[in-house]
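J.: Got a sequence here, can you model it:
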Amino acid sequence: MKMKPAIAVTAFLTGVALLAAEQSMAAAFYLTQVGTPLSIGTVGVTNTVNTWGADSAWAQPAGMVELEEDTVGVTGLTLLYPDMKFDSSVAEAGGSDGGNAGEVAIIPSQFLVKKLSDQTSVGLAITATSGGAMDYGDDFVGRYGAQMVSLEGLGISPSIGYRVNDRLAIGAGVSLTYTLFEEDVAINLPGAASDGKVKMEDLDDWGYQPFLGLTYHFSDRVMLGVVYRAEMDVNLKGNVKFRGAPLPGGNVELSWDNPQWLEAALRFDLDDNYYIATNLGWQDWSKFSENKLEVTPGVTVLDREWKDTWRTGIAFGHMAGTAGWAFGLSYDSSPVSDKNRTIDLPMDEQWQAGASYFMEGEKLSYALGTSVMYAGDGKVDQTAQGERFKGEFDTNLIFSLGGTIRYTF
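T.: Purely as a prediction, here's the structure:
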């Protein structure tokens, strides 16, 4: 069914997307791995009990007080390679399945911890907090829902940790986050006319997200870590342009809430410098569910019917002498049911496995970590601009490879 331009644009606005492609995320688009090999290798399970590295400046600010020396992490890079292929079973508007929709990404990171005293440490983390991209192509079967979507989120996070006593430490920080979003959607024009296109370009915003951390040693071998991240308002402003359609461009505003996040973990230090850790987390994705899009002269509010998610995992490792290793497994529940999932945000449950290895020198230390995520089948049955398409991702994997060089002074 072809639609008049005005109706097509209304349908586009009602179904507008905002995606952070499923690359190394929690069940929606938070990144659970901060770009260091230990975080990648344990798929984020040890983040809240991190008392070992400078990445604790973001992962667990209370853990910074247990570092013995000032530490700066240099040249941290993570390569993300997604293999995400949609397989359609219904395509009323025709078109292709889009091939591999995932986009390769390289994510840099930097971490610094400075000890002010035996009780107090300060830190700075620069790392991606969310992000990724998917490009289905112009002829995609779901092009009236999305053709291309890209989200980048970079966080600059100062933090402080304070040792209350031999057992308890507390920490706090704030992530100052720059978000950049872009999206292309085809416009279903009437008659035999070729598709038009609407492009949202350079939508960006600065926001802030406070976080708190706590570590408590029940004994020399058992430690609890807790981290809470507050909600963050995202209010993106940019341009909207139309191609192949008699419609003027203009300004666009897109807003949502990055949800609050609570996570706790236990670490058990075993004999011979082995350890085991397990975590449990909750994320308030029902708060994100309501997205608001404003294009003069009107405002559209979309309820995605998302729900809260939970995550859990287990990690095992060995840290002794000049070398060590770790591996981990984790699970994240889906933020949306099959009947409400859309092609712009095809998030589903996620299973992850990772491993890492490190070697320490007198001044320089090197580490390497890798992980693989199975991001669910992402079933979609959606009608966009009057055209129904249905299918699922028969391949939905994301591979991560990260390395760091750490200098101690």
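J.: quick one: low-confidence parts of the stretch 1-150 of the chain?
T.: 1-29, 31, 72-75, 130-132 (pLDDT under 70).
J.: Ok, the stretch 251-400 of the chain next?
T.: In the stretch 251-400 of the chain, residues with pLDDT under 70: 296-299, 301, 321, 363.
J.: quick one, strands of it?
T.: Counting by DSSP state E, counting those that start in this stretch, one finds strands in the stretch 251-400 of the chain at the ranges 261-269, 274-283, 290-295, 298-303, 309-320, 323-332, 350-360, 364-374, 380-384, 387-408.
J.: what is the mean pLDDT for stretch 161-176?
T.: Averaging pLDDT along stretch 161-176 gives 97.
J.: Identify the residues contacting it?
T.: Applying C-beta atoms under 8 Å, 6 or more residues apart in numbering, the external contacts of stretch 161-176 come out as 56-58, 60-66, 118-123, 125, 129, 155-160, 206-218, 229, 232. Any C-beta I mention is one placed from the backbone N, CA and C, and that applies to glycine too.
J.: show me what contacts Gly249?
T.: So, once contact is read as C-beta under 8 Å, 6+ apart, Gly249 ends up touching 239-242.
J.: actually Asp348, sorry about that
T.: Contacts of Asp348 by C-beta under 8 Å, 6+ apart are 334, 336, 341, 375-379, 396.
J.: try Leu236
T.: Taking C-beta under 8 Å, 6+ apart as the test, what Leu236 contacts is 179, 181, 203-205, 253-255.
J.: just the residues you listed now: which is nearest Phe140?
T.: Minimum distance to Phe140 across these is 19.2 Å, recorded for Phe181 (C-beta to C-beta).
J.: ok, back up a step: now which of the contacts of Gly249 would you call buried?
T.: 240, 242 (16 or more other C-beta atoms under 10 Å).
J.: With respect to Gly95, which of the contacts of Gly249 is nearest?
T.: For the contacts of Gly249, the nearest to Gly95 is Phe242 (20.3 Å; C-beta to C-beta).
J.: What sits closest to the closest one if chain neighbours are left out?
T.: Once flanking residues are discounted, Phe242 sits nearest to Val198: 5.4 Å by C-beta to C-beta, 6 or more residues apart in numbering.
J.: still on that earlier bit, out of the contacts of Gly249, which are inside strands?
T.: 239-242 (DSSP state E).
J.: so which pair among these is furthest apart in space?
T.: Asn239 and Phe242 (10.9 Å).
J.: Of the contacts of Asp348, just the buried ones, PyMOL syntax please.
T.: Per 16+ other C-beta under 10 Å, the buried members of these correspond to this PyMOL selection:
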select buried, resi 334+336+341+375+376+377+378+396
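J.: Save the contacts of Asp348 as TSV, and put in distance to Gln147 too.
T.: Below are the contacts of Asp348 laid out as TSV (distance: C-beta to C-beta, whole Å):
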residue	distance to Gln147
Ser334	24
Val336	21
Arg341	18
Ala375	20
Gly376	22
Asp377	22
Gly378	17
Lys379	20
Asn396	19
